[in-house]
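Visitor: Generate coordinates for the sequence data below:
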Amino acid sequence: MTSAVTVENMTVAYHKKPVLREISFEAPEGKLIGIMGPNGAGKSTLIKGILGLVPLASGKVGIYGKPYKIQRKLVGYVPQRESVDWDFPTSALDVVLMGRYGHAGMFRRLRAADREFAFSCLEKVGMSDFADRQISQLSGGQQQRIFLARALAQDASVYFMDEPFVGVDAATERAIVSLLNELKKQGKTVLVVHHDVQTVTDYFDWLLLVNLRKIAFGPTEEVFTSENLQKAYGGRLSFTETLVPSAGIKS
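Guide: Alright, predicted model coming up:
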């Protein structure tokens, strides 16, 4: 099985205090992979460490066996919506076009073909009618769709999405799920920070449970057990027995 993402002994520390300790896993190609754990478990930090957005205290990361800096064009990223300055004066289409600069180069003029591709990405997320709308005038769900379109415009092989379902309406959630499945059909690998234990078995093929350390990683039906969830969440998830039989996932 080809590994799209390889993480070896990743440790991340803030002010000399480790927030992730010796995380190792290999994400197989063409899978939808959920990343779950309690608040403060290091889920977002894990993604940022892989993408070089925070320094590693130790360990290394590979995208198809090579360092991220070399493979940057193969990677798309959807950050948490709260981390974005939505008051920045730019249109929805301009945001999506930012995803094309990795292919054109930062100092090269985008071509008409790039604009057409970006517009097609807006169509895929149901936002083509809002192409000229200022992003500050969009709802939270619409803003999230714009960032998904920007990631699509990168035409990546591996996608990282940091809590894309948070704060969105039901229509946007359905659109995101449809998009994830479309990416999977195309052979893309998608790693998603997720928080809803009730939807994990419906959304993801594989699951990574973390709480400062790796708790478990593998096919969802093997990882999503009461025992593993209790290891990850402890008393903060006291209702897991109603969701997950002790022998595996719910039927």
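Visitor: tell me, how many neighbours does G37 end up with?
Guide: By other C-beta atoms under 10 Å, 23 other residues sit near G37. Backbone N, C-alpha and C define where each C-beta goes, glycine included.
Visitor: doesn't L229 make contact with it?
Guide: No - assessed by C-beta atoms under 8 Å, G37 is found out of contact with L229, at 9.8 Å.
Visitor: shared neighbours of these two, which are they?
Guide: Contact criterion C-beta atoms under 8 Å, 6 or more residues apart in numbering; residues shared by G37 and L229: L209.
Visitor: Show me the shaky parts of the stretch 151-251 of the chain.
Guide: For the stretch 151-251 of the chain, applying pLDDT under 70 flags the ranges 235-251.
Visitor: could you pull out the helices for it?
Guide: Counting by DSSP state H, counting those that start in this stretch, the stretch 151-251 of the chain has helices at residues 170-185, 200-203, 220-223, 226-233, 240-243.
Visitor: Show me what counts as buried in the second one.
Guide: By 16 or more other C-beta atoms under 10 Å, the buried positions in helix 200-203 come out as 200-201, 203.
Visitor: got the contact list for it?
Guide: Under the criterion C-beta under 8 Å, 6+ apart, residues 32, 34, 36, 177, 180, 192, 194, 207, 220-221, 224, 249-250 lie in contact with helix 200-203.
Visitor: what does stretch 160-174 give?
Guide: By C-beta under 8 Å, 6+ apart, the residues outside stretch 160-174 that reach it are 43-44, 47, 50-51, 75-81, 139-142, 144-145, 148, 151, 176, 190-196.
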